[in-house]
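>>> Next input, structure requested:
(2 chains)
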Amino acid sequence: MSRIRIKIAGESGAGLLSAGEIVTRALKNMGFYIVADREYPSLIKAICGSCFRINASTEEIFSLDEEIDIMLTINRSSMYEYFDDLKKGSVWVHGYERLSGINDLLKKAEKRGVREVHSYAREIAFANGGSILMINMVLIGMLWKAMGFEYKYIASEVKEQFKSKPVLLAIDLKCLKAGYDSAEKQLEFAKPKKKTKTILLNGNKALALGGIHAGVRAYFAYPMSPSSSILTYFANYARKTGCVVKQAEDEITVANMTLGAMHMGTRALAATSGGGFDLMTETVSLAGIIETPLVLIIAQRPGPGTGLPTWTAQGDLNLAIFSSHGEFPKVVIAVSNPTDCFDLIQHALNIAEKYQCVVIVLTEKVIAETNSTVPPFKQKKIPIERGLVTGKALQKLKNSDRYKITKNGISKRWLPGKSKAYYFANGDEHWEDGSLTEEAKESGEMYAKRVRKIETIRKALPEPEIIGPKKAKISFVGWGNSKNVMLDIVQKNKDVNYLHFNYVWPLRENLLKKFFANNKNVNLIECNATGQFGSLVEAAVHQKFKKKLLKANGRPFFTEDVENFIKKNK
Amino acid sequence: MKNTTLGKLEKKSRQYEDYETDKIITWCSNCGNYSIQNALKRAFVLEGYKPNDFLLCYDVGCSGNGSDKIEANTVHGLHGRVLSLAAGAGIANSKMKIIAEAGDGATFSEGVNHLVHAVRNNYPIMFIFHNNENYGLTTGQASALTRVGTKMNAAPEGVNVEPLNACDFVLSLKPSFVARSYSGDPDHITEMLRKGLKHKGFAFIEIFQACPTYNRETPDHWFAQRVKDIKDLKKYDKSDIWQARKIIQDLENEIYIGHIYEDKNRKSFAEVQDHRKGVKTVLRDEVKHYDINNLI
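Presented below is the predicted three-dimensional model:
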């Protein structure tokens, strides 16, 4: 087997997080490629279960299988909640003591052909000087042995995790070893031949790093899952970066502070989720008319209302594209993985500044929190492009240059205080220096100037990317996290291809039309109920998708979702 | 009342003229905005400000319609949100003075949360609060500061809810600077604005503003008969918040104006950014590639 599919299930706040992280990092350091996501309810101390899904492989992988090879259940409720994930031949690791209390499960496991790995974890922990908190160490040891890996790899991760507490570490290691020794090897996985050079991180961290790298000096936010960790990263890095990080009183404030900071000429950034973005939309419209660059991140979760705060969706594409009153250029970029996050946030800032427009970056819960291995980031690969008048040219500016009517819609922009020329950044309709006007001719010309930028931008945006062959028996079109599952599918199936959009709006149509011309069985893949992107594509190409693979239950696409669809529709 | 600023302005009239617009002003005759805008220009000149030393941020409303009637760097933002916009601007470039202006609708209804947090954070903003006790630009509806019984557009029987007292509200938030003036005395406004310009944190300056079209109840001469300057009080300690709160309560008979309160020990938002201590540059000038290897 080349892909290891692990589930660690327990309670939020009961050591699940550190157990998942230790196992993930140990696998990464052995040289495996990793995709690891957390599923949990929106509660601090959960009454129902939550789990870690880890897939590891010697080959590059991008998404998760729904099926699992091995599951560690930390507590009783998680056994019952996730028991049906265990299929014939899969391994169930647990350390429950009162076996008579789970007799029904034990019988089912035997009947189903599930291989059980059991030790009395609490007893082992106590016998080795540990407390209740060390039971997880015993369980991790058992899991590691059952997967058939050498002890040293997991031990070094435990040492790393608890290096600041040497006394406890000694007991942790004793418990880990005792757990390891108590279990039998169950599975045989191919091991990486050489260590690959990768970094392991989630999408939100990559967005923060990309922003910091591109010169974001101020970060504003109001906490909202699943965007909140971007705020945490910016705040935790502030002492090293010197960024000003402000948790403001609401999302309206966040949007206005970001806009004010961008207007004065620094690079600022803000992130939220759909509900928070609803509050920001009026400010987005203001940015549109005063032509001040603004970049906002929407980390999507299922709505409407509070919806499913800790689960995933692609439900806010229409929100990103069509919200805010009036007509004005807006760019929507969708990320897929940490590499995209790092690169595209830099491009987003450049596009916003060059075209003096709003750029909305869409991410998804599954991207925000999935830890995956990616090649180390290439720094300074993307130049910082600000589109500002600088140097001697500043002295020649006239006030009316700021909103000058131009063919491509782009006028000169300079920072307040940098030139003798000044301007009114006027939220009311205005003429070239920003002075208010309500005259039909002037109002119409200025409105048209801004709208002309849409075509200028569309032409400048990169085309979508074809993954797989140019022609295939079955084809897909999508954006965002769909790319990850399609990368895994295309790798395994030679007669499948996928057209992926990083730059979702304004929609580039050339390659899209060719893709439809070259392929006869083109389907949509989108993690929402109405096929929002699909509708935009169909309107652009004047064709219908053969079928739409949609999913709207808070879960991301697993490889099996696409495989089953292909079987039925090829 | 003796005019104290015009004499000093005489030699600097050229600088004052720099801010003058040749555009047609759209405020009503006798609108309080004229004297407030003029006082602001005077204050800039008398404090030695050059046009590129400051950014003016305007809310939406009659006061906001001054945004292109002063020759300077201005932003005309959203209704109720000017303080947030101004705070962001001030964070990005702390070397330029940030001035925000908004009316009573924006400040005490649409965006009152921003006022609370602007005071709490002590953002580097001089805030000119235009209090004409109504919504002028939307044709005379009541605001949260309109007096009980006043008949207004959409309140034909008269306002039936007690108004807020702006200074009392702000003083309850432990601000760092509060002053009050009225549009009938541009000289006094100038004096307050000059003090506000010197303040590092959030300076709240309330100006009772005449609205000849929709506020017939409290025009300039109504205030002129009632205002008293705290300068004339024998014992007044402007660092005493309880004395300040007491003295601003009366909005009917003895209405106190002047530099009402100041807390000189209160740190501004910039001063509590410990991690930027000793940094000489402003965020505006720090946009470049940053090495992220030490963060991974």
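
>>> in the stretch 101-250 of chain B, which spans are strands?
B:126-131, B:177-182, B:203-208, B:227-229 (DSSP state E, counting those that start in this stretch).

>>> wait, which of the ones you listed is closest to chain A?
Ranking these by proximity to chain A (C-beta to the nearest C-beta) places strand B:126-131 first, at 14.0 Å. Any C-beta I mention is one placed from the backbone N, CA and C, and that applies to glycine too.

>>> which other helices and strands contact the closest one?
helix B:32-46, strand B:97-103, helix B:104-105, helix B:186-198, strand B:203-208 (3 or more C-beta pairs under 8 Å, 6 or more residues apart in numbering or on different chains; DSSP states H and E).

>>> Is there proximity between the third one and chain A?
No. Among the residues of helix B:104-105, none lie within reach of chain A under C-beta under 8 Å from any C-beta of the partner chain; the closest is 15.8 Å away.

>>> tell me the mean pLDDT for that helix?
Taken as a whole, helix B:104-105 carries a mean pLDDT of 98.

>>> Let's verify the closest residue to A:S229 other than its chain neighbours: helix, strand, or coil?
Once flanking residues are discounted, A:S229 sits nearest to A:N204: 4.5 Å by C-beta to C-beta, 6 or more residues apart in numbering or on different chains. With DSSP: H, G, I helix; E, B strand; the rest coil as the basis, A:N204 sits in helix.

>>> count of neighbours near A:N204?
27 (other C-beta atoms under 10 Å in any protein chain shown).

>>> Could you tell me which residues make contact with A:R25?
A:E157, A:E160, A:L200 (C-beta atoms under 8 Å, 6 or more residues apart in numbering or on different chains).

>>> these two touch, right, the last one and A:P376?
No. With contact defined as C-beta atoms under 8 Å, A:L200 does not reach A:P376; the gap is 10.8 Å.

>>> More neighbours: those two, which one.
Neighbour count, other C-beta under 10 Å: between A:L200 and A:P376, A:L200 has more, with 20 against 11.

>>> that's a strand at the more buried one, yeah?
Yes. A:L200 sits within a strand when classified using three-state DSSP.

>>> Kindly state the beta-bridge partners for it.
Taking DSSP bridges as the rule, A:L200 bridges to A:T373.

>>> Check A:F476 too.
A:Y498, A:N523.

>>> unless I'm mixing things up, it is touching A:V496, no?
Yes. Counting by C-beta under 8 Å, A:V496 is a contact partner of A:F476 at 7.4 Å.

>>> where do the contact lists of those two overlap?
A:M486.

>>> of these two, who's got more company?
Neighbours were counted for A:F476 and for A:V496 using other C-beta under 10 Å; A:F476 has more, 29 against 23.

>>> so what's the more buried one up against?
Contacts of A:F476 by C-beta under 8 Å, 6+ apart are A:S482, A:M486, A:V496, A:N497, A:Y498, A:L499, A:V522, A:N523, A:L524, A:I525, A:L549, A:V562.

>>> Nearest to chain B: which residue in the stretch 51-200 of chain A?
Taking C-beta to the nearest C-beta, chain B has its nearest neighbour within the stretch 51-200 of chain A at A:I199, 5.9 Å off.

>>> pLDDT wise, what is that residue at?
97.

>>> Report the contact partners of the closest residue to it other than its chain neighbours.
Excluding its sequence neighbours, the residue lying closest to A:I199 (C-beta to C-beta, 6+ apart) is A:P376, at 5.3 Å. Neighbour list for A:P376: A:K197, A:T198, A:I199 [criterion: C-beta under 8 Å, 6+ apart].

>>> Can you give me the neighbour number for residue 188?
Defaulting to chain A. Neighbour count for A:E188, taken as other C-beta under 10 Å: 9.

>>> The intended chain is chain B.
By the other C-beta under 10 Å criterion, the neighbourhood of B:H188 contains 25 residues.

>>> Now it. Nearest residue, chain neighbours left out?
With C-beta to C-beta, 6+ apart, the residue lying closest to B:H188 is B:S181, at 5.0 Å.

>>> Point me to the helix or strand that includes the residue of the stretch 451-570 of chain A found nearest chain B.
Closest contact between the stretch 451-570 of chain A and chain B, by C-beta to the nearest C-beta, is at A:K453 (20.2 Å). Using DSSP states H and E, A:K453 maps to helix A:440-460.

>>> residues from the stretch 301-450 of chain A in reach of chain B?
A:377, A:379-380, A:384, A:386, A:415-418, A:420, A:422-428, A:430, A:434-436.

>>> how about a cut-off of 7 Å?
The stretch 301-450 of chain A comes close to chain B at residues A:379-380, A:384, A:415-417, A:422, A:424-428, A:434-436, as judged by C-beta under 7 Å from any C-beta of the partner chain.
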